[in-house]
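>>> Got a sequence here, can you model it:
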Amino acid sequence: MVEHGSLFDIVIAGGGMAGSTLAWALLQANPALKLAIIEQQAENISPASFDSRSIALAAASTGLLKHWGLWAELEPKACAIANIRVSDRGHFGKTDLSAAEYQQGALGYVLEVEHLGKLLSEKLAAKTQLSWFAPASISNITPLQDKQLLTLADGQQLSSKLLLIAEGGLSQSRALAGFSVKERRYGQHAIIANLALAQPHQHTAFERFTEHGPIALLPLPQQRYSLVYTLDDAAVNQVMQLDNAAFVEYVQQAFGYRAGVFAGSGKRVSYPLSLRLSGEIVRHRVALLGNSLHNLHPIAGQGFNLALRDIAELVQQVSHYPDDIGGYAMLRAYQQARQKDIDVVSTATDALVRLFSNRSRPIALARNTGLLMMTLFDELKRPLAEQAMGFGR
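A predicted model of the protein is given here:
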């Protein structure tokens with residue numbers, strides 16, 4: 001039972017993948033911390049299935065998960081990416097990346113989110129210094145000199161030296177804390193589904209730019225691909241209404257046969273795409289991370305990898321300032337450490353969306369020339385490979 005008005009070292013708003021990973025990483029580095037998580041949804045960990053949603057983990061991100069004591073249990077459930085093939089359908093440009101080319105075991109991995117959620121839930125349940133408030137939400141935030149006073153929707157109050165917001169791109173607590181957000185809508189939706197294959201995928205991922213929009217295929221265990229299909233808003237409803245057989249045929253015709261024959265599809269979901277960036281990373285005794293800070297287009301699979309780097313930096317700064325958690329010096333150091341990485345990745349992702357969504361012939365020629373040059377000259381391709389592996393910061 002948590003006492004009314006309890007003071008925590010850190011309160012995390014959001015208990016999803018980013019928030020729970022943050023809590024675990026913080027407690028691994030600083031076991032004496034008194035933490036709380038405020039999560040809007042009741043805990044409901046579903047078992048992995050054919051339709052499980054997935055995340056792409058860069059090689060550098062698996063290094064962080066290993067450092068936090070998570071990767072040993074996750075690696076057997078993940079699928080390695082040995083090769084990435086990038087191409088522009090109907091044009092000459094293409095380039096291939098391989099782990100062997102850069103003396104790596106894998107360029108990255110694909111992991112179904114249920115495996116990470118289940119593992120974190122089990123590990124955090126044993127942490128007595130962590131309090132959960134779920135389902136619950138913050139209704140008011142009152143800044144005080146040395147803490148934040150948080151009022152929950154049910155009237156409970158708690159206070160914290162530092163509030164960390166990891167609620168996702170539509171965070172309500174972010175607005176309550178006074179952060180402004182800039183949003184650029186792309187006029188596109190992403191359709192997410194898992195595809196069954198008629199043949200092994202050979203641990204190869206694809207990024208295929210088509211006249212309808214980019215298609216990403218990420219290899220999964222059990223001879224499946226995780227599909228991320230970007231379509232214009234005007235086309236998405238028609239595609240979502242197709243039956244499974246018609247949808248598989250639609251994707252096959254749009255993508256072609258470079259990845260082989262698609263044998264079936266699971267459940268589909270779609271969501272609108274936009275770029276959302278907070279105007280600030282920190283405010284008085286509050287910091288943002290993950291999608292609450294930078295909500296990117298999925299075209300390059302950078303979102304969760306960027307969030308893991310936010311988490312790593314927060315853990316480091318909390319360890320550097322154990323006697324002034326949430327103070328000005330700590331938050332300034334976090335902001336300075338993260339600003340460049342966020343700017344570079346968000347700008348590059350946005351440019352990629354614009355470049356490969358443009359149907360202009362001169363633009364198509366320029367981008368295909370760029371892909372061809374990367375194939376011919378390793379020094380041009382290496383930055384792309386380093387970014388894919390999470391080493392290009």
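
>>> switch to C-alpha atoms for all contacts and neighbour counts from now on
Will do.

>>> quick one: contacts for the residue nearest the centre of the chain?
Centroid check for the chain by Cα atoms, centre = their mean gives residue 304 as the closest residue, at 2.2 Å. Residue 304 is in contact with 18, 55, 56, 57, 290, counting by Cα atoms under 8 Å, 6 or more residues apart in numbering.

>>> Kindly recompute the last result at 10 Å.
Listed by Cα atoms under 10 Å, 6 or more residues apart in numbering, the contact set of residue 304 reads 17-18, 55-58, 61, 290-291, 295-296, 298, 310.

>>> Between those residues, which sits nearest residue 98?
residue 58 (13.3 Å; Cα to Cα).

>>> so how far is residue 28 from that closest one?
22 Å (Cα to Cα, to the nearest Å).

>>> And for residue 213?
Note on residue 213: its distance to residue 28, by Cα to Cα, is 42 Å.

>>> more neighbours, these two?
residue 213 (21 against 15; other Cα atoms under 10 Å).

>>> okay, that one: pLDDT?
With respect to pLDDT, residue 213 has a value of 76.

>>> chain center to the host helix or strand of residue 72, what's the gap?
Assessed by DSSP states H and E, residue 72 sits inside helix 71-74. How far helix 71-74 lies from its chain's middle: 18 Å, per Cα atoms, centre = their mean, to the nearest Å.

>>> now the following helix or strand past that helix: mean pLDDT?
The helix or strand immediately downstream of helix 71-74 is strand 79-81, counting by DSSP H and E. Averaged across strand 79-81, pLDDT comes to 96.

>>> partners of strand 79-81, with directions?
Next to strand 79-81 in the sheet, as set by DSSP bridges, lie strand 108-112 (antiparallel).

>>> Tell me which residues are up against the strand it pairs with.
48-62, 74-84, 99, 203, 205, 218-221, 225-226, 388-390.

>>> Repeat the analysis, applying 6 Å as the threshold.
By Cα atoms under 6 Å, 6 or more residues apart in numbering, the residues outside strand 108-112 that reach it are 52, 53, 54, 55, 56, 57, 58, 59, 78, 79, 80, 81.

>>> so what's residue 261 up against?
Per Cα under 6 Å, 6+ apart, neighbours of residue 261: residue 198.

>>> try 7 Å
Residues in contact with residue 261 (Cα atoms under 7 Å, 6 or more residues apart in numbering) are 197, 198.

>>> now swap in residue 7 and tell me
Residue 7 neighbours (Cα under 7 Å, 6+ apart): 158, 159, 160.

>>> again with residue 315
Residue 315 neighbours (Cα under 7 Å, 6+ apart): 25, 26.

>>> is it fair to say it lies in a strand?
No: under DSSP: H, G, I helix; E, B strand; the rest coil, residue 315 falls outside any strand and is assigned helix.

>>> now it: how far from residue 321?
10 Å.

>>> low-confidence ranges in this structure?
Applying pLDDT under 70 to the chain flags residues 1-5, 43-51, 89-94, 355-393.

>>> any chance you could map the helices in it?
Assigned by DSSP state H, the chain shows helices spanning 17-29, 59-67, 71-74, 113-125, 172-176, 233-240, 244-255, 303-320, 328-357, 361-376, 378-389.

>>> now for the second one, which elements pack on it?
The contact analysis (3 or more Cα pairs under 7 Å, 6 or more residues apart in numbering; DSSP states H and E) places helix 59-67 against helix 71-74.

>>> Contacts made by the helix it packs on with the rest, please.
So helix 71-74 is contacted by 62, 65, 66 (Cα under 7 Å, 6+ apart).

>>> Counting neighbours, which of those residues comes out on top?
Of the contacts of helix 71-74, residue 62 is surrounded by the most neighbours, 22 neighbours in total, counting by other Cα under 10 Å.

>>> which residues touch it?
Residue 62 neighbours (Cα under 7 Å, 6+ apart): residue 71.

>>> And the top strand by length along the chain, what does it pack against?
The residue-count maximum for a strand in the chain (DSSP state E) belongs to strand 181-197. The contact analysis (3+ Cα pairs under 7 Å, 6+ apart) places strand 181-197 against strand 224-232, helix 233-240, strand 262-265, strand 269-278.
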